[in-house]
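>>> Need coordinates for the below:
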Amino acid sequence: MAELIFTTGSRKRAVARLRLKPEGHGWIYVNGKRPLEYFKREDLVLHALEPLRVTKREGQFDIVVKVQGGGLAGQAGAFRLALAKALVQYDPDLRDTLKKYGMLSRDPREKERMKYGLSKRRKAPQYSKR
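Predicted coordinates:
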């Protein structure tokens, strides 16, 4: 029996914990549901499973992922990073391919904090001279 691979990925406030089982049946579960059932949008499912498509490994692994925090788009991004990291752990030769497509780097963009005295993150109240 093949050994399980555990990885984590994060995007915005979302964190994904992924278990990848090589030589599986191609089953994929996100928080106990099928990907389309969970994400409800085809584009998010395609985004999350992109590392499999790029490396031509669809249907070779059983994937169970638990995502929490953030919204659906952030969770899909976290899933994608965790999956890419797991594939590199499984086969280090895939690293160059995944790196070329930018799937091994965490997207650093986060929401900016709210500052006191401002209406929004950067919007200040209108200045009045008199």
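
>>> Helix, strand, or coil at the spatially closest residue to residue 13 that is not a sequence neighbour?
Take residue 13 and drop its neighbours on the chain: the residue closest to it by Cβ to Cβ, 6 or more residues apart in numbering is residue 70, 4.0 Å away. Quick note: C-beta positions are derived from backbone N, CA and C, even for glycine. For residue 70, the secondary-structure state derived from DSSP: H, G, I helix; E, B strand; the rest coil is coil.

>>> Contacts only, for residue 87.
By Cβ atoms under 8 Å, 6 or more residues apart in numbering, the contact set of residue 87 is 20, 51, 52, 55, 57, 94, 98.

>>> Let's have those residues in a markdown table, adding neighbour count and distance to residue 118.
Output for these, formatted as a markdown table (neighbours: other Cβ atoms under 10 Å; distance: Cβ to Cβ, whole Å):
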| residue | neighbour count | distance to residue 118 |
| --- | --- | --- |
| 20 | 24 | 44 |
| 51 | 24 | 40 |
| 52 | 20 | 43 |
| 55 | 21 | 45 |
| 57 | 17 | 48 |
| 94 | 20 | 45 |
| 98 | 20 | 40 |
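
>>> Dump those to JSON lines, plus secondary structure.
As requested, these are exported to JSON lines (three-state DSSP):
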{"residue": "20", "secondary structure": "strand"}
{"residue": "51", "secondary structure": "helix"}
{"residue": "52", "secondary structure": "helix"}
{"residue": "55", "secondary structure": "coil"}
{"residue": "57", "secondary structure": "coil"}
{"residue": "94", "secondary structure": "helix"}
{"residue": "98", "secondary structure": "helix"}
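
>>> would CSV of those with distance to residue 107 and pLDDT be doable?
Below are the contacts of residue 87 laid out as CSV (distance: Cβ to Cβ, whole Å; pLDDT from 0 to 100):
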residue, distance to residue 107, pLDDT
20, 21, 93
51, 15, 93
52, 19, 92
55, 20, 92
57, 23, 89
94, 20, 92
98, 15, 93
